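In: what shape does this take:
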Amino acid sequence: MTAVPHHHSHSRSHSRRQVLVTGLAASALLATGAIPSPALAAGRARRTSLPKAGLPRPTGPFAVGTVALHLVDHSRTEPWVPGTAAHRELMVSLWYPARPGGAARAVPQMTAGAAAHFGSGEGAAALNLRMAPGSVDWGATLTHAHEDAPLDRRAGQLPVVLYSPGLGDPRTWNTALVEDLASRGYAVVTIDHTHEATEVDFPDGRLATMRIFDGAPPTDPEAISALLEKVVAVRVADSRFVLDELARLNRTRFGGAIDLRRVGMFGQSAGGFTAAQTMHDDRRVRAGINMDGEMDYAGGREPDGTHLSSVALDGLDRPLLLMGSEGSGDYRQQPSWAAFWANTRGWKADVTLTGSRHASYTDAEVLLPQLARQGAVPEGGPAGAVGTVPPHRALTANRAYVTSFFDRWLRGRDDHLLDGPSERFPEMVFAPETAFAR
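Out: Residues are numbered from 1 along each chain as shown. Predicted structure coming up:
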């Protein structure tokens, strides 16, 4: 079996931790509350002269519908706003197979308010992608979905998959992959983790910004570890609440079309960690994918296996797919993945996308190269964020492996792509000792 080319472990680990640690420090500047600045409000007017990019079409047989939902968890107060009595509020979007012939205009990837903030100096484009503020018309990117379109009953009972984004990123930042799953007959629920995403746009006009710091950001490694532990705990609680709400929404809004006996979850970076940890804590999640997310609370230190999460220490008895970037490596280079690998009892596989970087498992993979051709280049160039893998190959591989995994474990349809290396996808390299047992 082909081995991943070896790189120094520190450079690999730092690549995966860049959002979890250096991003935490940089985002101190973002912890300014939930009210847009006057400059941001003025900038909401769409500037059509700026570079813009498009999302590739989904490849499944169904058209796609989507609906944004505002959920309130009355069992929890808001964890990121000290002293508040307000309950935890979330925005989620549900994507699903829809009857064709929807509204003429597809839903934008982000609302106007969210897009303006995402592209500002306080948004995830600057924080996570190192894009110059105001350099892109993020609001111009359209999805291929139609708002509140009628469900296509020909899809039958829909398995449901939750998506959790990376730290600071919005729920919209994997739309190319989410839409594809919906077009193949899944109900996909994308979750905004309020006050941890750089912006969450609520229906009443509030824009909730990043508030994960109480005062200055921590610099002590133990304090950073404690913050990371709280981030993941809040994310898991969000995810479990969304699962609770889906039972209600399935009855009241979707006519019982969602099959809550077949639940999966995936995420990128901190979202991948969240997916694995939610599986550990909640048996309703039957299968999960961790895209390039560490599973420890090492903070600013080099991971050494001493700050492992419970999912890394205990492993899982249900299937989890690890999808790593070449900038971060596989379980042999990352202590939390190594611990998970040794301790897990369920089916597992670990694949690395050759030529990829941390953001290759997000919409950055297909959007940044388009924007760079128009002069909107992230600091370090597109390769610094998404590597050198051709964007269409990265997206095609990501879609194929994610679909194959969930089809296998939620639908009982096995195309055998996960049995081992594939001539169709030579970019996807399997780590040694992957469990290929059926």
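In: how about the strands of the chain, start to end?
Out: With strands called from DSSP state E, the chain shows them at 63-77, 87-98, 145-147, 158-164, 187-191, 199-201, 207-209, 258-268, 285-291, 320-325, 348-353, 428-430.
In: against which helices or strands is the second one packed?
Out: Looking back up the chat, that one is strand 87-98. Packing partners of strand 87-98 (3 or more CB pairs under 8 Å, 6 or more residues apart in numbering; DSSP states H and E): strand 63-77, strand 145-147, helix 175-183, strand 187-191, strand 199-201, helix 221-252. For every residue, glycine as well, the C-beta is placed using N, CA and C.
In: what mean pLDDT does the first one have?
Out: The reference is to strand 63-77. On average, the pLDDT along strand 63-77 is 97.
In: which residues touch the residue lying closest to R130 once chain neighbours are set aside?
Out: Sequence neighbours aside, E379 is the residue nearest to R130 in space, at 3.7 Å (criterion: CB to CB, 6 or more residues apart in numbering). Counting by CB atoms under 8 Å, 6 or more residues apart in numbering, E379 makes contact with 130-132.
In: could you do W95 as well?
Out: Counting by CB under 8 Å, 6+ apart, W95 touches 64-66, 145, 178-179, 181-182, 186-190.
In: show me what it is bridged to.
Out: On the basis of DSSP bridges, W95 is bridged to T66, V188.
In: same question, F430
Out: Beta bridges link F430 to V351 when assigned by DSSP bridges.
In: okay, now it: neighbour count?
Out: When neighbours are counted by other CB atoms under 10 Å, F430 registers 21.
In: double-check it against A349; I have them as touching.
Out: Yes. Using CB atoms under 8 Å, F430 and A349 qualify as a contacting pair, with a distance of 6.8 Å.
In: how about the residue nearest to A53 when sequence neighbours are not counted, what does it touch?
Out: In space, A53 comes closest to Q370 once its chain neighbours are excluded; the distance is 3.9 Å by CB to CB, 6+ apart. Taking CB under 8 Å, 6+ apart as the criterion, Q370 is in contact with 51, 53-54.
In: buried subset of these, written for ChimeraX?
Out: Buried residues within these, by 16 or more other CB atoms under 10 Å, are selected in ChimeraX with:
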select :51,53
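In: now the contacts of Q370 as TSV including distance to G324 and pLDDT?
Out: Below are the contacts of Q370 laid out as TSV (distance: CB to CB, whole Å; pLDDT from 0 to 100):
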residue	distance to G324	pLDDT
P51	30	98
A53	26	98
G54	28	98
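In: highest neighbour count among the contacts of E379?
Out: M131 (25 neighbours).
In: centre-most residue in the protein?
Out: By CA atoms, centre = their mean, the chain has its centre lying nearest to P165, at 2.6 Å.
In: isn't it up against R171?
Out: Yes. P165 is within contact range of R171, at 5.7 Å (criterion: CB under 8 Å).
In: where does the stretch 151-300 of the chain have low pLDDT?
Out: Counting by pLDDT under 70, the stretch 151-300 of the chain contains low-confidence ranges at 300.
In: go again using 90 as the cut-off
Out: Scanning the stretch 151-300 of the chain with the threshold set as pLDDT under 90 gives 213-222, 253, 298-300.
In: I figured W347 hits P319, correct?
Out: Yes. The criterion here is CB under 8 Å, and W347 meets it with P319 at 4.0 Å.
In: what touches both of those two?
Out: Counting by CB under 8 Å, 6+ apart, the shared contacts of W347 and P319 are W409.
In: low-confidence stretches in the stretch 301-438 of the chain?
Out: Ranges of the stretch 301-438 of the chain meeting pLDDT under 90: 301-306, 327-330, 333-334, 432-438.
In: list buried residues within the contacts of W95.
Out: Using 16+ other CB under 10 Å as the burial test, those include 64-66, 145, 178-179, 181-182, 186-190 as buried.
In: redo those residues as a markdown table? Include distance to R88.
Out: Formatted as a markdown table, the buried ones among the contacts of W95 follow (distance: CB to CB, whole Å):
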| residue | distance to R88 |
| --- | --- |
| V64 | 29 |
| G65 | 27 |
| T66 | 23 |
| A145 | 27 |
| V178 | 23 |
| E179 | 27 |
| L181 | 26 |
| A182 | 26 |
| Y186 | 26 |
| A187 | 23 |
| V188 | 22 |
| V189 | 16 |
| T190 | 17 |
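In: between the helices and strands packed on strand 87-98, which one is nearest to E122?
Out: Nearest to E122, of all the helices and strands packed on strand 87-98, is strand 199-201, at 8.0 Å by CB to CB.
In: hmm, who's touching that closest one?
Out: Applying CB under 8 Å, 6+ apart, the external contacts of strand 199-201 come out as 90-91, 110-111, 113-114, 117-118, 123-124, 170, 192, 194, 207-210.
In: if any of the residues you listed are buried, put those into a PyMOL selection.
Out: Applied in PyMOL, the following selects the buried portion of those according to 16+ other CB under 10 Å:
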select buried, resi 90+91+110+111+113+114+117+118+123+124+170+192+194+207+208+209+210
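In: gap between R424 and T209?
Out: Using CB to CB, to the nearest Å, we find R424 at a distance of 43 Å from T209.
In: how close does S360 sit to V64?
Out: According to CB to CB, S360 stands 23 Å off from V64.
In: so who does D304 touch?
Out: 298, 335.
In: re the thing from before, closest one of the contacts of E379 to Q277?
Out: Proximity of the contacts of E379 to Q277, judged by CB to CB, is greatest for R130, which lies at 27.9 Å.
In: so for the closest one, what's the pLDDT?
Out: 95.
In: now for it: which residues touch it?
Out: Applying CB under 8 Å, 6+ apart, the residues near R130 are 378-380, 384-385.
In: and the residue nearest to A53, how far from D137?
Out: Between Q370 and D137 the computed distance is 12 Å (CB to CB).
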